[in-house]
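A.B. asks: build the 3D model from these lines:
(chains A and B)
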Number of protein chains: 2
Amino acid sequence: MSEKRSTLDKVMEVSLRRGLVFPTAEIYGGFAGVYDFGPVGSFLRENLINFWLQYFVKTEIDPPVYLLSGGTVLPFEVLKASGHVDHFVDPIVSCSSPECKTEFRADHLIEDATGQFVEGLDEQELTRIIRENNIRCPNCDSELADVTIFNLMLATKVGAGKGTVAYMRPETAQIMFLDFKRTAISMRAKLPFGIAQVGSSYRNEISPRKGLIRLREFEQMEIEMFVDPATLNEQPNFDEIKNVKLRLLTREGQEKEPQEILEITADESVKQNILPNQYFAYYLAKETVFYTRCGIPRDKFRFRHMKPEETPHYSGGNWDLEIELPRGENSQIVEIVGNAYRQAYDLGNHAKHSGEDLSIETENGENIIAHVVEPSFGVDRSTHCILEHCFREKGVDRDWTWFQFPNVIAPISVQVYPLMRKDGMPEKARDIYVKLKKDAGFNAIYDQAGSIGRRYARADEIGCPYCLTIDYTTLEDDSVTIRDRDSMKQIRVPLSKLVDILRQLLEENIKFAEAGQPV
Amino acid sequence: MSEKRSTLDKVMEVSLRRGLVFPTAEIYGGFAGVYDFGPVGSFLRENLINFWLQYFVKTEIDPPVYLLSGGTVLPFEVLKASGHVDHFVDPIVSCSSPECKTEFRADHLIEDATGQFVEGLDEQELTRIIRENNIRCPNCDSELADVTIFNLMLATKVGAGKGTVAYMRPETAQIMFLDFKRTAISMRAKLPFGIAQVGSSYRNEISPRKGLIRLREFEQMEIEMFVDPATLNEQPNFDEIKNVKLRLLTREGQEKEPQEILEITADESVKQNILPNQYFAYYLAKETVFYTRCGIPRDKFRFRHMKPEETPHYSGGNWDLEIELPRGENSQIVEIVGNAYRQAYDLGNHAKHSGEDLSIETENGENIIAHVVEPSFGVDRSTHCILEHCFREKGVDRDWTWFQFPNVIAPISVQVYPLMRKDGMPEKARDIYVKLKKDAGFNAIYDQAGSIGRRYARADEIGCPYCLTIDYTTLEDDSVTIRDRDSMKQIRVPLSKLVDILRQLLEENIKFAEAGQPV
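C.D. replies: Numbers count the residues shown, from 1 in each chain, chains lettered A, B, ... in the order given. Below you'll find the predicted structure:
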């Protein structure tokens, strides 16, 4: 705790060393804003995505949610129609000194220098504020050039010769709008229904940060829920979540000092017209449950109502799920889910630009443009927040750092050790390991190097919840010890019941202490 | 069968209609070479990828195969070092008529016009052949311009201002080489070990074809197996596959008329020095098993030894898995897996360009550059071949087209129907559907529209292997009928055993006729 390094630095250090996250092209000096998930990290990411698919898509019966997997390169016309070509921009200002030339986000620079919140202002206004406040280059104190507008999409050209301009998609969402009609027809779907997608999106961020917060390539999990606007307060499963308490940071709450969080049930939030409708509140409630189960303490997140200047003109309400990162003095707030009630904007807009009829018939026989409620999750940002919040400092209850990942997302579920490298223990341990990994399908690691203590420490470092040890007793009576990461306690269980007990433990159906004989 | 349309046309028609594959941005006229997988197709793709991960990655114990998930945007330096900036090119020729200007692959044009095989020739030589043979524009018969060289990568710029050139990766493989050292260290891995990845790659194809064969954005499943060159013939699991018969099209076999396939065991192929080593033959054997289980008839594929002019200078052997598509007169051969023994090229090359030491210590304490055996699978091409080969024509044994997908990849496993929309049957059917989908995790569809016959036909069209019907008997004795797609026969089973029986059927552990009472 006496160390000066931030939690972020420590998390990134262990992530690099233990196969969670590697900078892309590190041997060439890295590539700002792009990361690889290593052998351990890719399981964490896979588990997170699978848990999301399970909770938000595959078990949703009514309304159904259909999963698509769409192209990541999109033609100019699509992003022109969606508004990204014209409006998906950042204001940039560069240092006028030929030696420096550093580029900055103009709005961030102004906010840092003056405390003024300037989102939504145009380049002339931003330039004027810079001049009025005599804001200069933070690097070399030279004068700054005029603010210019910079499109955040990664552009490319497709086809031979000069080619045609296309873009790497800046969000997965457009695919769901483009495929709305095909999905409805092919699945014989009627309103309400959702379309979900998990996939990469790309943004040419000016200043990617350390870690997985502001990436140029990032993974999204998005749902577009299409609803007849007449039934927005008739979400069929609303009763299941209506008593979930939401932590809301309303516009009024944001004005107070300190900011005031409103704790309110999903049900009341709709009844009091704080949230726009039941479909919207349904997702906020599910997100609350989801992130709590992912290991983010409930009091570290809240839904913030976007201010008017942060909200697109067509929006019926935008609330971001924001997580506070545990960085002591420099605590940082990170937006990880954007929730938007987009009304009829997207389908209406694409209908207009493409000339295609994107209306759909309601139960009353009317043709309408469906309204859209959209929760949009950042996979990498979620992973980052999980890493920071599940990180446990060295020196508190053990002499090494560790991750307290919930079982549902823990990248490795079980490690298998022979107590000693003799008397047939390695062979026995290896057999058990093969059974667990190959037959039972657990993400497992076999480790026979160093003392058992060292091996436990290595398992803790990647947040593995259970470690099995094969010892002399195993050779006598076919039992093994299971060590619990969190309590560091051990139980002994018969090999014949091992797979079943591990499954029950991993699914948290039984308590550790009750799963076997205490050791 | 009297229809003039090709199998491809029919497959694409039903794929579009039933939610398998949609052209990306179709409402804007589509986008050549980019496709979306619809709600049914995305399950087919997910099942194919999961089956591959299961068979090639997650159950591989010794040597282990580690899974990464890496960036798809790569900096210039990486692709300069890999040779893609200079050598990943196609020869292009355009029509000189200002009205036409159409662009063609020069090598394809020459091959079509003269039958001459010209891969590997440079632009001067290709131009000369065009002139000598007086090859003219196939569109308008005008003269053709000189051949130029066109890089196949999708380029973009990253960062503000003018930005820095970067590329969408043309293959997933580079990530495994870049992360080789980090993976070895973080996983405490010793040779041999593999690194696998599933993800998108991008190629700016000049002339994308119909279907999923030559895409601009495509998904790859790749393994780089890193081996000490002294142990290339000591693959630890070779015995398990040594008797698998491979269908090899050797260079000699390619010269014969008709071409001659060599049927030989994996074991003999190595002993006779036809394939370069056991690691290489191991993958060819596993691919044979894998694609047979994916529904490709064994006699429709073979491994073709690439000709010298198709083989990079550093290669120790390249054999492509090629599948013959069932198109009657116009039968087409499609390469779906590239197998390459890349020797020490990649790691040696990146070590040289990055200045990083990418050697690894062998068991003997020597520092060496690992050799690489690489099987590289195309997900979309595999999907395309599966679609065409599992497609069944209307009018042979039933009055509708259908897909005979093997259970392991069938996108929807089970459909649930009430016989009639009255007497509580819909409620009962709905309950069973919810249990199957939500609790048991099956990909399931509920359908109550139209006659049972119509519903069976719709299920067949998306290759669903089993359909359950809830009828009057169900209401009396809690039993349901299961209808088998392939035989169109029915059995009756008790509801209490339904989940278990379905699982056994889907895993092909029991035969359909023996799973219940014949109806």
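
A.B. asks: spell out which parts of the stretch 201-350 of chain A neighbour chain B.
C.D. replies: A:Tyr202, A:Asn204, A:Ile206, A:Arg216, A:Glu217, A:His350 (C-beta under 8 Å from any C-beta of the partner chain). Glycine gets a C-beta too; all of them are placed from N, C-alpha and C.

A.B. asks: how far away is the second one from A:Glu103?
C.D. replies: Pointing back at A:Asn204 there. A:Asn204 is 12 Å from A:Glu103, where distance means C-beta to C-beta, to the nearest Å.

A.B. asks: who has more neighbours out of those two?
C.D. replies: A:Asn204 (25 against 18; other C-beta atoms under 10 Å in any protein chain shown).

A.B. asks: who's in contact with the more buried one?
C.D. replies: Contacts for A:Asn204 (C-beta atoms under 8 Å, 6 or more residues apart in numbering or on different chains) come out as A:Phe150, A:Asn151, A:Leu152, A:Met153, A:Leu154, A:Arg216, B:Lys157, B:Val158, B:Gly159, B:Ala160, B:Gly163.

A.B. asks: change it to 6 Å
C.D. replies: A:Leu152, A:Leu154 (C-beta atoms under 6 Å, 6 or more residues apart in numbering or on different chains).

A.B. asks: tell me the SS of it?
C.D. replies: Recorded secondary structure, A:Asn204: coil (DSSP: H, G, I helix; E, B strand; the rest coil).

A.B. asks: re earlier: ranking by neighbours, what's the top pick from the residues of the stretch 201-350 of chain A next to chain B?
C.D. replies: Neighbour-wise, these (other C-beta under 10 Å) top out at A:Tyr202, 27 neighbours.

A.B. asks: wait, isn't that one in contact with A:Glu217?
C.D. replies: Yes: using C-beta atoms under 6 Å, A:Tyr202 makes contact with A:Glu217 at a distance of 5.5 Å.

A.B. asks: so how far is chain B from A:Glu335?
C.D. replies: 22 Å (C-beta to the nearest C-beta, to the nearest Å).

A.B. asks: neighbours around that residue, how many?
C.D. replies: Neighbour number of A:Glu335 under other C-beta under 10 Å is 14.

A.B. asks: what secondary structure does it sit in?
C.D. replies: strand.

A.B. asks: ok, and the closest non-adjacent residue to it?
C.D. replies: Leaving aside its chain neighbours, A:Glu335 sits nearest to A:Asp320 (4.5 Å; criterion: C-beta to C-beta, 6 or more residues apart in numbering or on different chains).

A.B. asks: what do you get for A:Val519?
C.D. replies: A:Gln490 is the one closest to A:Val519 (C-beta to C-beta, 6+ apart), at 4.0 Å.

A.B. asks: return the residues in contact with A:Glu260.
C.D. replies: Contacts of A:Glu260 by C-beta under 6 Å, 6+ apart are A:Gly253.

A.B. asks: on the three-state scheme, it is what?
C.D. replies: Quick answer, by three-state DSSP: A:Glu260 is coil.

A.B. asks: is chain B contacted by stretch A:377-395?
C.D. replies: No: if you take C-beta under 6 Å from any C-beta of the partner chain as the test, stretch A:377-395 misses chain B, and the best it gets is 10.2 Å.

A.B. asks: name the residues of that stretch that come out as buried.
C.D. replies: The neighbour-count check on stretch A:377-395 (16 or more other C-beta atoms under 10 Å in any protein chain shown) flags A:377-392 as buried.

A.B. asks: one more: stretch A:360-373?
C.D. replies: A:Ile360, A:Thr362, A:Ile368, A:Ile369, A:Ala370, A:His371, A:Val372, A:Val373.

A.B. asks: domains for chain A, by residue range?
C.D. replies: According to automatic domain parsing, chain A comprises the domains A:3-86+A:153-392, A:89-151, A:412-518.

A.B. asks: would you say A:Asp62 is within a strand?
C.D. replies: No: using three-state DSSP, the assignment for A:Asp62 is coil, not a strand.

A.B. asks: okay, now it: neighbour count?
C.D. replies: 12.

A.B. asks: hmm, it is touching A:Pro236, no?
C.D. replies: Yes: using C-beta under 6 Å, A:Asp62 is in contact with A:Pro236, at 5.1 Å.

A.B. asks: adjacent strands (with direction) for the helix or strand bottoming out on mean pLDDT in chain A?
C.D. replies: Between all helices and strands in chain A, the lowest mean by mean pLDDT, DSSP states H and E belongs to strand A:103-105, at a mean of 87. Strand A:103-105 pairs in its sheet with strand A:89-94 (antiparallel), by DSSP bridges.

A.B. asks: for the strand it pairs with, buried residues please.
C.D. replies: Buried, per 16+ other C-beta under 10 Å, within strand A:89-94: A:Asp90, A:Pro91, A:Ile92, A:Val93, A:Ser94.

A.B. asks: same question, stretch A:512-519
C.D. replies: Neighbour count says stretch A:512-519 has A:Phe512, A:Ala515, A:Gly516 buried, by 16+ other C-beta under 10 Å.

A.B. asks: got the residues of the stretch 401-519 of chain A near chain B?
C.D. replies: Close to chain B, as judged by C-beta under 6 Å from any C-beta, the stretch 401-519 of chain A has residues A:Val434, A:Lys438.

A.B. asks: 10 Å - rerun?
C.D. replies: Taking C-beta under 10 Å from any C-beta of the partner chain as the contact definition, the stretch 401-519 of chain A meets chain B at A:430, A:433-434, A:437-439, A:441-447, A:449, A:458, A:462.

A.B. asks: just the buried residues out of the residues you listed, in PyMOL syntax.
C.D. replies: Those of those that count as buried under 16+ other C-beta under 10 Å are selected in PyMOL with:
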select buried, chain A and resi 430+433+434+437+442+443+444+445+446+447+458+462
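
A.B. asks: which of the residues of the stretch 401-519 of chain A next to chain B fall within strands?
C.D. replies: Mapping those onto strands (DSSP state E) picks out A:Ala444, A:Ile445, A:Tyr446.

A.B. asks: I'd assumed A:Gln415 was in contact with the last one.
C.D. replies: Yes: applying C-beta atoms under 10 Å as the test, A:Tyr446 and A:Gln415 come out as touching, 7.4 Å apart.

A.B. asks: can you give me the strands for the stretch 351-500 of chain A?
C.D. replies: Per DSSP state E, counting those that start in this stretch, the stretch 351-500 of chain A carries strands over the ranges A:360-361, A:367-368, A:371-378, A:391-392, A:402-403, A:414-418, A:444-446, A:466-470, A:479-484, A:490-494.

A.B. asks: closest residue of the stretch 201-350 of chain A to chain B?
C.D. replies: A:Ile206 (4.8 Å; C-beta to the nearest C-beta).

A.B. asks: what about that residue, distance to B:Ile369?
C.D. replies: In terms of C-beta to C-beta, A:Ile206 sits 39 Å off from B:Ile369.

A.B. asks: try A:Val379
C.D. replies: A:Val379 is 35 Å from B:Ile369, by C-beta to C-beta.

A.B. asks: same deal with A:Arg492?
C.D. replies: Applying C-beta to C-beta to A:Arg492 and B:Ile369 gives a distance of 46 Å.

A.B. asks: over to A:Gly38?
C.D. replies: In terms of C-beta to C-beta, A:Gly38 sits 21 Å off from B:Ile369.

A.B. asks: for A:Tyr314, same thing?
C.D. replies: 57 Å.

A.B. asks: again with A:Ile195
C.D. replies: For A:Ile195 relative to B:Ile369 (C-beta to C-beta), the value is 48 Å.

A.B. asks: what segments of the stretch 351-500 of chain A are helices?
C.D. replies: A:379-390, A:425-434, A:452-461, A:472-477, A:498-506 (DSSP state H, counting those that start in this stretch).

A.B. asks: show me what the second one is packed against.
C.D. replies: Contact here means 3 or more C-beta pairs under 10 Å, 6 or more residues apart in numbering or on different chains; DSSP states H and E; on that basis helix A:425-434 packs against strand A:414-418, strand A:444-446, strand A:466-470, helix A:472-477, strand A:479-484.

A.B. asks: with that, I have no additional questions.
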